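Peer 1: Prediction below, plus the sequence it came from.
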Amino acid sequence: MHKDFIEIHDYSAAEVMQIFELAADIKANPQSYRRTLEGQTLAMIFEKSSTRTRVSFEVGMFQLGGHALFLSSRDIQLGRGEPIYDTAKVLSRYIDGIMARTFAHKTVTDLAEYSTVPVINGLTDLSHPCQATTDYFTAWEHFGKNLKGRKIAYVGDGNNMAHSLLFGASKVGMDIAIATPAAYQCDPVVVAQAQADADAAGTRVIITSSMEEAVAGADIVETDVWASMGQEAEAQKRQQDFAGWKVDKRVMSLAGKEAIFMHCLPAHRGEEVSAEVIDSEQSVIYDEAENRLHVQKAIMVTLMKR
């Protein structure tokens, strides 16, 4: 198994399934894992604030018998010129693992390169692997352990969420369709890597500018906010550019009869998704939110258990 959890792309399908099985066992039998990481400390570096990421990692470490240390950009020297090399080397002398939620993806990869303890990518501008892994785990729970041949459709901004969903689809045997406006497409390098993974796994990657094409027959329909953290200055322009890209009942009617709706949250009802969809029986957003806890506990146990 790997030292770090930077992207799903780095893991084999079998390794992803191991995380799913462990997460399911942790969810069903939490008391059995109360001392698994006893005496260990996770440093949580937050350049970007987050409700779900902070609470799920902090509570997760507590429930595994360990301790989580919150470090905002005001608490450490990364934002004041200290080389990541030094930060990684020093933290490695103090703690047992690092979770980082940052703007630049290179910050996380550099932390992983220079630290001697496991590093978990809590989110970067390029990817959001913990959330995507959780989404596929939630689908695994909902539809059963064999996801082969099912289809996930992501519509909206070609952002970090879209990238990690692209990487994860082939690992669980699913086809994936990504629909974005032409000016907001996914990173072509990520698409090429995901396509290569799909070719090897025998799954499909569909990149389109048609929301209807992407959603047609899908088992999962997923979207995200139009302006992510750090893009607040673009919010008004993005609202104009994404006009007509709302997931509403009409869009959901194009998906499969038993389709579910996903969103990583926070959500803006009336913008990227209508209230009648996100608050409907098709929505599994709170299952996703809860499962962040169980999946991330599984990742921490996988990387940190001695």
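Peer 2: Thanks, I have it.

Peer 1: can you map out the strands along the stretch 101-250 of the chain?
Peer 2: Along the stretch 101-250 of the chain, the stretches classed as strands by DSSP state E, counting those that start in this stretch are 119-123, 151-155, 175-179, 205-208, 220-223.

Peer 1: chain center to the third one: distance?
Peer 2: Its chain's average C-alpha position is 16 Å from that of strand 175-179, according to Cα atoms, centre = their mean, to the nearest Å.

Peer 1: Please apply the same query to stretch 183-191.
Peer 2: With Cα atoms, centre = their mean as the basis, stretch 183-191 stands 17 Å off its chain's centre.

Peer 1: What of stretch 284-293?
Peer 2: 12 Å.

Peer 1: and that stretch, average pLDDT?
Peer 2: Mean pLDDT, stretch 284-293: 98.

Peer 1: list the buried ones in it?
Peer 2: By neighbour count on 16 or more other Cβ atoms under 10 Å, the buried set for stretch 284-293 is 284, 285, 287, 288, 289, 290, 291, 292, 293. Every residue, glycine included, has its C-beta placed from N, CA and C.

Peer 1: ok so, going back, possible to save the strands of the stretch 101-250 of the chain as TSV with distance to residue 21?
Peer 2: Output for these, formatted as TSV (distance: least, Cβ to Cβ, whole Å):
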stretch	distance to residue 21
strand 119-123	19
strand 151-155	21
strand 175-179	22
strand 205-208	26
strand 220-223	21
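
Peer 1: Tell me the confidence at residue 227?
Peer 2: On the pLDDT scale, residue 227 is placed at 76.

Peer 1: any chance you could read off phi and psi for it?
Peer 2: phi -120, psi 110 (degrees, to the nearest 10).

Peer 1: hang on, residue 273 packs against residue 247?
Peer 2: Yes - contact status for residue 273 versus residue 247: in contact at 4.6 Å, counting by Cβ atoms under 8 Å.

Peer 1: The two: which has the busier surroundings?
Peer 2: Each of residue 273 and residue 247 has its neighbours counted (other Cβ atoms under 10 Å); residue 273 has more, 29 against 23.

Peer 1: Any figure for the gap between the more buried one and residue 252?
Peer 2: 10 Å (Cβ to Cβ, to the nearest Å).

Peer 1: try residue 172
Peer 2: For residue 172, the distance to residue 252 (Cβ to Cβ) stands at 22 Å.

Peer 1: When the two are compared, which one has more neighbours?
Peer 2: Neighbours were counted for residue 172 and for residue 252 using other Cβ under 10 Å; residue 172 has more, 25 against 22.

Peer 1: which residues touch the more buried one?
Peer 2: Taking Cβ atoms under 8 Å, 6 or more residues apart in numbering, we find residue 172 in contact with 13, 16, 136, 139, 140, 147.

Peer 1: For those, work out which two are farthest apart.
Peer 2: Farthest pair in the contacts of residue 172 (Cβ to Cβ) is 13 and 139. Separation: 14.5 Å.

Peer 1: on that earlier part again, now the strands of the stretch 101-250 of the chain in TSV, please, with extra columns for distance to residue 67 and mean neighbour count.
Peer 2: Shown next, in TSV, are the strands of the stretch 101-250 of the chain (distance: least, Cβ to Cβ, whole Å; neighbours: other Cβ atoms under 10 Å):
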stretch	distance to residue 67	mean neighbour count
strand 119-123	16	27
strand 151-155	36	28
strand 175-179	38	24
strand 205-208	41	17
strand 220-223	34	28
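
Peer 1: Give me the more crowded residue out of residue 13 and residue 139.
Peer 2: Between residue 13 and residue 139, residue 139 has the larger neighbour count (other Cβ under 10 Å), namely 24 against 14.

Peer 1: Return the per-residue confidence for the more buried one.
Peer 2: What the model reports for residue 139 is a pLDDT of 98.

Peer 1: can you tell me how far it sits from residue 20?
Peer 2: 10 Å.
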